[in-house]
Every structure is written in structure tokens, then in C-alpha cells.
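# sequence plus the predicted model coming up.
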Amino acid sequence: MTDTKSNPESADAMPPPPRRNESQVTVALRELRKAPLSAKIGLLIIVTYIFVAIFAPAIAPYGESEIVGPQFDLWSDTNLLGTDHLGRDMLTRLIYGARNTVGIALITTLLAFVLGGTCGILAAVFSGWIDQLLSRVVDVLMAIPSLIFAMLLLTIFGTSIVNLVLIIGILDSTRVFRIARAVSLNVVVMDFIESARLRGEGFAWITMREVLPNIMPPLVAEFGLRFCFVFLTISALSFLGLGIQPPTADWGSMVRDTSTLITYGDITPLLPAAAIAILTIGVNFVVDWFLHKTSGLKEEH
Amino acid sequence: MSTNSQEVLLEMRGLKIEGFSEEQWHQIVKGVDITLHKGEVLGLIGESGAGKSTIGIAAMGYAKPGCRINGGSIKFDGIELTTASEEQKRKLRGARIAYVAQSAAASFNPAHKLIDQFAETVIEHGVGSREQAYKDAKELYKRIRMPDPDQIGFRYPHQVSGGQLQRAMTAMALSCRPDLIIFDEPTTALDVTTQIEVLVTIRDIVEQFNTAAIYITHDLAVVAQMADRIKVLRYGETVEDADTRTMLSAPTQDYTKSLWAVRSFRKEVKAPPPEPTPLIKVENVTATYARGLLPVLYNVDFEINRGHTVAVVGESGSGKSTTARVITGLLPPQEGKVYCDGEELPRDYHRRTKDQLRQAQMIYQSADTAVNPRHKIRDIIGRPLSFYLGLEGDAKDRRLRELMDMIEMDADQFLDRLPSELSGGQKQRICIARALAAEPSFIICDEVTSALDQLVAEGILKLLDRLQQELNLAYMFITHDLATVRAIADEVIVMLQGRIVEQGPKEEIFSPPHHEYTELLLSSVPEMDPDWMDRVLEERRAKGGITAAGN
């Protein structure tokens, strides 16, 4: 037993199982086929919305703020879903709304993630007073009801799209901070982080190369959920007149503008509301599936 | 222990169990036969993945979530468990078949007192009232010589030591006087000095109540003390089955022989050379984890020479790993200094230069958490190459292949894989390669083999020894396993409660006269001799000093 070459008896010398030679696309497609019905519906909804948002000018029958008929016109062959309070085509506005509402919500969510995610990992990696400072600031921000706080800030700074994105982005980054910090804390106690520190690695390497790849699954899932919340907040603010401003088409303000119709038994104001609801449900379906896949929850046999 | 008892208690015939993973069913146990007589102790041994725990649990007619029994029969005292109803099986479990798990700390409910958890099974199965259970528990605690048997049951699990908890669990398994107890690695997580107490308890109980037992372990020396008969398993199949003495003295299968031989590795001991400047010098270090807390290290003082291995041994909590943290600079000491090659190292690793950091590398106990699961092997080993030595492109690739050669792994096969595709031993080799990539002169090995199967661990030790000879590396080898110390150390440091109690060359430490604690530590390491435990107990009783069950 003095042979220094690896012992053929030991499990150590076993060759690793042959690797499946598949591209990531094949793997993704196989996963997709096995996905539950709800996830497939969710994906279909999201893809449809993205398609509509990108090709809005090509699909829409009229221009975004073009006045095409009388006010509150009924559903007809020329205006499929009737017109709004200024005589603009509802279908066209709905289609452009996908572009505006979804686009702005997406940018806002991205901002929240970059800001909250970085600070969260920073707090976990450095701990000590940096963690204390960031965490307490976040506590204070979270203690104030966010919709009311956002309305207050928007009245102070004025209702422009830039302000809207910044204010909601910062307010929502507090939630991202919490989750990023929590999942990073589980990673930074691992030996490979200690090993990287002892190697002399800087903060950027530890964050981007060591921690981030290991916390991606929960962050991606949170991104989906956070997007829904941001999207609902923006719609709510628009409905109250503080969000996206006319003449830009937006689902929240469209509900407000046509809301009087509901008293006449016309369901037109429900259409933009439904557009909001369906997207929220679709994203949630996909997030559920993704969380189930990545959290290691397995069906028991 | 009545080996040739007549009556068969448990009989498994052609047992097959499969498990579901990676979208398909895999056979874990491939047709194993077991016959267990009343009062007999059967030892199941094998490496991880041999299916020993799965078989043990199957003796209760149970399969873990994600597993199912798909063939064969399990007959317990005439009852066929594979077809028995849940109701029937529930009546057996706890009452007639009991189970003792590896981690007592994880198996007790932390919110209830020990004695109430003892009584629960008794009441549930209608064996007796709470008062009777209490009385019985105290009686049992007394019989297994727990300290303060009348009161200890009224403590919560966190209020007793790990060894006591494991013994309380053994007593609990006995609460309904079962016919069969399954012990699943009950001492693996314990220190050797505690392990012997638990072993004595288990053996006493099995003998006193004539209970049959299945003892699952990967430690051959332990099973040699406990079992009447040993069954060696590999990949879910029986390799060999014989009574303990025959098995130890005359194994017939090659695999069994290789298991028996693993403790044979010894490196050649080098005499401590008269070096003017030791490579690493730890001078009078006192350290604490937070200001105001009691120190965890007191005046620790030792040297490590170039090309030498210093083994640091001691129980958990003795300060072995803390010493390593002080040397690496993770825990700046309160007092004292650390020198490398005669030059004083800054106390905090942040202040050390890249070159100082490069000189001392570290290998961890758990290779799973020591490598980033999202990095490929190429990046894990390659990072120190580019970080310290500035190697890129072809030069880096060449060096990567050299390193893979050194750790006896095939570069083409492994470089582009993720750690999750590797076995435990292979991952540990990757960690060694990462340490070597920095071209250090000193490596701290923190329990590097304790998470591995013996054969694999043996391979790692040999590899480390060969690398030491080739590269003149110095090792600080932290371990609680004295067999490892015997195999690899040149010098030994024995630690207890943050202090060094004895240090010197290996032969000196391992030959008498010993310090009292070293004596206890040395005599507690199980040997491959079935009479070892009796002999140790005899000696200790004769001395009247430390009794096995005393705390």
C-alpha cells in the first residue's frame, strides 16, 4: 500500500459520470416541456405582452394620442373597443400602454435591483458598522407606508417619468436589500469566501464572482415578484394622477379616464385593469415554477 | 452476547431499494440478505453510498422520502413488513424496533425535557403511565451510569453534553424494551474520549436486556468492539459476511482486505533539524473572540520547521482551529506574535502583503463548502495562478495541467467540470491543487480527511506526504483523529481548553510517560482488536482514575 498512485479500490479513482453533450437551449427546452400548465400559461402571457410592447406601432390601428371619433364612442367596427373621454381609440391606447407601463416598471425594477442588490451584498460581506448603517436606513424607509411616501415625494419633486422611476426604484430597493442581504449572509459564511479573503481578493471579486452567482436563483424569483409590485404601484399612482402623465397611454390613468362608463354598465374601464391583472398573474405563475425548481423542493414519492 | 442463539428475529431476503434522483430511479440496495437472531449484534460497514443506512431503516419497514422498497421481503418476528399496513408498522416502531440516529442533538426536540421525550413513546404505545415511565427512565439512567440519574432527565437537550445526549437517546430507545435497536453511526460526531462512554453504554444495554441490534458505522475499530457478526457492504451489495473474529483475522474478499489495511500507512519520520529560523513561529499567543470574553487560547507557543508536519490534536473546543485562525490572520491575537521565516506577520490578514498571504495556504475539512459551487475546476485552481503569479493563457493552462498531474487527476476529464460533478475525495484533491497553485511553503490542513471514507482519506494522506517530499512543504495538521496523527505527523501538539498540554516529536508523545490528558486521549482511540474495549476498561478501573462513563 505504499503505491502513491491513486488506489484503484477507492471511490476516488472512479471516473465521473459521462457528461451529457447538450447545449443549454436543449436543456431549457426540455425543462419547458416538463413545466406545469400554469407556468406555460404564464410564459405565454409574458411573451404576448413583450411582443405587443415591442411591435406596438405596427399592431395598433391608430396613433397613440390620435383623436379618431366622438368621446366615449361604443364598440364598433372602426373602433373595436370604442373611444375614451377625448375620442381616442381604446384598443390603440391599450396596446401602447403595454409599452409604457411595462417598460417603465421594468426600468424601475432594474434600478431597485442594482441599488438594493449591491447594498445588500455589501452589508453581508463587510458586516460591522456598514451593515448596521445600511440596515437602519432601510428600516426607516420601510417604516413609512410606501404608496403614501411615494405620493408625498412626487408632489414635492413633481411628476415626471424620471422622478417616478427614481422614487419608486429607491423605495422598492429596500425590499431587495433585505432579501439580497439575507441570502448573501448564508453564502459569506462558507469556507470558499474565507479562502478568497485569505487569498487577498478585493470586494469587487468577492461580490461579483464569489457571492453573486450563488444567490442568483432567489434574486431572479424576487425580480419577478418585485416587478409585479412596482407595476401595480405605478398603475395605482397613475390612477391617482401622480404617475405617468397624459397624453402618454397608460393603463392606470386609462381606468381613471374612462371610469364614469362603469355607471352605464359599460365594461370598457375594466379592460386596462384586466391587462394589469393578467400580467401580474402570468409573472406569478412563472415565478412559482422557477422557485419550485431552484429551491430544491421535490415532490415526495 | 449469545451469537449462536436459535430464534431468528429479523430476516431480510433479496432486499431491493431504489431511490429517485435526476429524473430516474436508481437501485440503491441490490438484493441483500440479512438474518438476525435474538440478542445478536450485527455490524453493517461500508463506505458512504454503500446503502448501510438505507438497509438499517428498512428493518423498520421504512424507506426515506424519495426511496421505495421494490423487491424482497423483510420479516420481523414473523410479520412481513413489506406488505404490513402503516397501522401495523406504527405499532412496531418505537415499541419493538427502536432507532438511534447519528445526531442526537438534531433528533431531540429542543423544547421538551429529556424525560418527557422518554415517556412519550411509553405512553403512546400504552406500555405504561407517565409515572412508570419516569421511574423507568431514572432506573435506566442509573444503569448506564449517567451523572445524577434522578435529576438529569429534567434537563432540556441543550443543557447536557453531546455524549450524554447520545446516551440519553440510547436509554430512550430502550423505553419500551424493544427486541431490536438500530444504531446508525451513533458515535461518528463525537470526540474519541466521549465516544468510548457511548460505546460502553450501548454494549451494556444490549447485553443486559438481551436486545438484538444492527450497528451501522464506517469505523472498523468501533464495529470490532460492538458486533458479534460483521457484514461488509459495497454499492448496495454484500461483499462478505462472517462473525467478528473471523472477519478481522481472515477476511476472504479483496475489498475487505483493502478496508482492513487502510490504517497501515506510515510516513517516514524526520528528525527535527537544528534550523536557526523556523518557518512558522507562534509566540505566546493569547486570543479571544470578543473583548471582555474569556480567552480561547492561552500562551500558545510553538514552531514549525520547513518540510515538517506538526499535528495539532485535541477535542472539539480545545482551540485547534482557533490557532489556525490566528496564524492566517483571520483572528488577530490579543497578545503574542506570529513569525513567518523570521519576519513578523501583521496581526490582521488585511495588512499582510500578497506574498505573505501566498506563503500560507489552507485546506478545509469540508471540500463541499471550500470551493465555489458555481466555478469550474479550471477557475478554482486557476485563480491563484493569475492572482499571485500573473499567469495567463498558455502558461496558465500548462501549469493547470501540471497541478492536475500532481494531484493524480486527469486534466482533460476534470478541468471543465463543476465541483458538484466530483466525489468528495476528488473535491478535496482540487482544494489541495488550489493551495499548491499559490506555491506556498506552509499549508494548514484543518481536519482534511475527517469527512472522507477511510480508503479515500488514505489516498489524500499519501498524496499530501508525497507532495511534502517533492516540494518541501510544511504542514500544520489539525485533527482529532489519532490514527491520522500516527500516519502523518513528525511532531505533535496536544491541546486542551485553549492550552498546549504536551508537545514534542511523535514517538515521544506516543510513548510513555504521558501527560494525564494525552493518556486519556490515546487510550480512547479504538483499535481493531475485539478485546480492546474490555482491556481499556480493565486498565482504567485498576487505576481507579477516569472511568469510562464518568464525565
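All right, it came through fine.

# so what's the backbone phi/psi at residue B:474?
In terms of degrees, to the nearest 10, the main-chain angles of residue B:474 are phi -100, psi 140.

# next up, the contacts around it.
Residue B:474 makes contacts with B:279, B:280, B:304, B:305, B:306, B:307, B:308, B:309, B:310, B:441, B:442, B:443, as judged by CB atoms under 8 Å, 6 or more residues apart in numbering or on different chains. C-betas here are computed from N, CA, C, even on glycine.

# tell me which parts of the stretch 301-450 of chain B are close to chain A?
Residues of the stretch 301-450 of chain B found near chain A (CB under 8 Å from any CB of the partner chain) are B:328-330, B:349, B:352, B:354, B:357, B:362, B:364, B:366, B:369-375, B:383-384, B:387-388, B:408, B:413-414, B:417, B:421-423, B:425-426, B:429, B:434, B:438.

# from those, which land in strands?
Among those, DSSP state E puts residue B:362 in strands.

# keep only those of the residues of the stretch 301-450 of chain B next to chain A that are in helices.
Of these, the ones assigned to helices by DSSP state H are B:328, B:354, B:357, B:369-370, B:383-384, B:387-388, B:413-414, B:425-426, B:429, B:434.

# circling back to that earlier point, filter the contacts of residue B:474 down to the buried ones.
B:279, B:280, B:304, B:305, B:306, B:307, B:308, B:309, B:310, B:441, B:442, B:443 (16 or more other CB atoms under 10 Å in any protein chain shown).

# circling back: of the ones in helices among the residues of the stretch 301-450 of chain B next to chain A, buried ones?
B:328, B:357, B:369-370, B:383-384, B:387-388, B:414, B:425-426, B:429, B:434.

# need these in JSON lines with pLDDT, can you?
Below are these laid out as JSON lines (pLDDT from 0 to 100):
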{"residue": "B:328", "pLDDT": "92"}
{"residue": "B:357", "pLDDT": "92"}
{"residue": "B:369", "pLDDT": "89"}
{"residue": "B:370", "pLDDT": "92"}
{"residue": "B:383", "pLDDT": "93"}
{"residue": "B:384", "pLDDT": "94"}
{"residue": "B:387", "pLDDT": "93"}
{"residue": "B:388", "pLDDT": "93"}
{"residue": "B:414", "pLDDT": "89"}
{"residue": "B:425", "pLDDT": "86"}
{"residue": "B:426", "pLDDT": "90"}
{"residue": "B:429", "pLDDT": "92"}
{"residue": "B:434", "pLDDT": "94"}
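
# tell me which of those residues is nearest to residue B:90?
residue B:369 (37.9 Å; CB to CB).

# right, and that closest one touches residue A:191 too?
Yes - Residue B:369 lies in contact with residue A:191 (CB atoms under 8 Å); the separation is 4.6 Å.

# residue B:29 falls within a helix, correct?
No - counting by DSSP: H, G, I helix; E, B strand; the rest coil, residue B:29 falls outside a helix, being strand.

# could you report the neighbour count for the residue of the stretch 51-200 of chain A found nearest chain B?
Distances between the stretch 51-200 of chain A and chain B by CB to the nearest CB are smallest at residue A:191, namely 4.1 Å. Neighbour count for residue A:191, taken as other CB atoms under 10 Å in any protein chain shown: 20.

# what's the answer for residue A:271, then?
The number of residues packed near residue A:271 is 19, by other CB under 10 Å.

# is the one helix or strand it maps to up against chain B anywhere?
Assessed by DSSP states H and E, residue A:271 sits inside helix A:270-294. No - judged by CB under 8 Å from any CB, helix A:270-294 and chain B are separated, with a smallest distance of 12.5 Å.

# returning to that earlier point: which of the buried ones among the ones in helices among the residues of the stretch 301-450 of chain B next to chain A sits closest to residue B:486?
Of all these, residue B:486 sits closest to residue B:425, with 20.7 Å by CB to CB.

# ok, now how distant is that closest one from residue B:478?
Plainly put, residue B:425 is 19 Å away from residue B:478 if you go by CB to CB, to the nearest Å.

# so what's the residue count around the closest residue to chain B within the stretch 151-300 of chain A?
Residue nearest to chain B within the stretch 151-300 of chain A: residue A:213 (3.7 Å; CB to the nearest CB). Neighbour count of residue A:213, defined by other CB under 10 Å: 14.

# list the residues that contact it.
Applying CB under 8 Å, 6+ apart, the residues contacting residue A:213 are B:372, B:374, B:375.

# leaving out sequence neighbours, find the closest residue to residue 93.
Went with chain A since none was named. Using CB to CB, 6 or more residues apart in numbering or on different chains and skipping the chain neighbours, the partner closest in space to residue A:93 is residue A:249 (4.3 Å).

# looking at chain B here, not the other one
Counting by CB to CB, 6+ apart, the residue nearest residue B:93 is residue B:60, at 5.4 Å.

# hang on, residue B:400 packs against residue B:386?
No - counting by CB under 8 Å, residue B:400 does not reach residue B:386; the two are 10.7 Å apart.

# higher neighbour count, the two?
residue B:400 (20 against 15).

# quick check: buried residues in the helix or strand containing that one?
Residue B:400 belongs to helix B:393-406 when assigned by DSSP H and E. For helix B:393-406, the neighbour count (16+ other CB under 10 Å) marks B:396, B:397, B:399, B:400, B:403, B:404, B:406 as buried.

# redo these as a markdown table? Include pLDDT and distance to residue B:314.
Formatted as a markdown table, those follow (pLDDT from 0 to 100; distance: CB to CB, whole Å):
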| residue | pLDDT | distance to residue B:314 |
| --- | --- | --- |
| B:396 | 93 | 40 |
| B:397 | 92 | 42 |
| B:399 | 93 | 37 |
| B:400 | 93 | 37 |
| B:403 | 93 | 32 |
| B:404 | 92 | 35 |
| B:406 | 90 | 31 |
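
# which one of these is nearest to residue A:117?
Distances from residue A:117 to these, taken by CB to CB, are shortest for residue B:396, at 31.2 Å.

# nearest residue to that closest one other than its sequence neighbours?
residue B:385 (5.3 Å).

# mind listing what the one you found touches?
Residue B:385 neighbours (CB under 8 Å, 6+ apart): B:391, B:396, B:399, B:400, B:437.

# quick one: which of those residues is nearest to chain A?
The closest of the contacts of residue B:385, once distances to chain A are taken by CB to the nearest CB, is residue B:437, at 10.2 Å.

# that closest one: how many residues sit nearby?
With other CB under 10 Å as criterion, residue B:437 counts 27.

# what pLDDT is listed against it?
On pLDDT, residue B:437 comes in at 93.

# is it in contact with residue B:404, as I believe?
No - if you go by CB under 8 Å, residue B:437 and residue B:404 don't touch, sitting 10.6 Å apart.

# intersection of neighbour lists for these two?
The contact sets of residue B:437 and residue B:404 overlap at residue B:381 (CB under 8 Å, 6+ apart).
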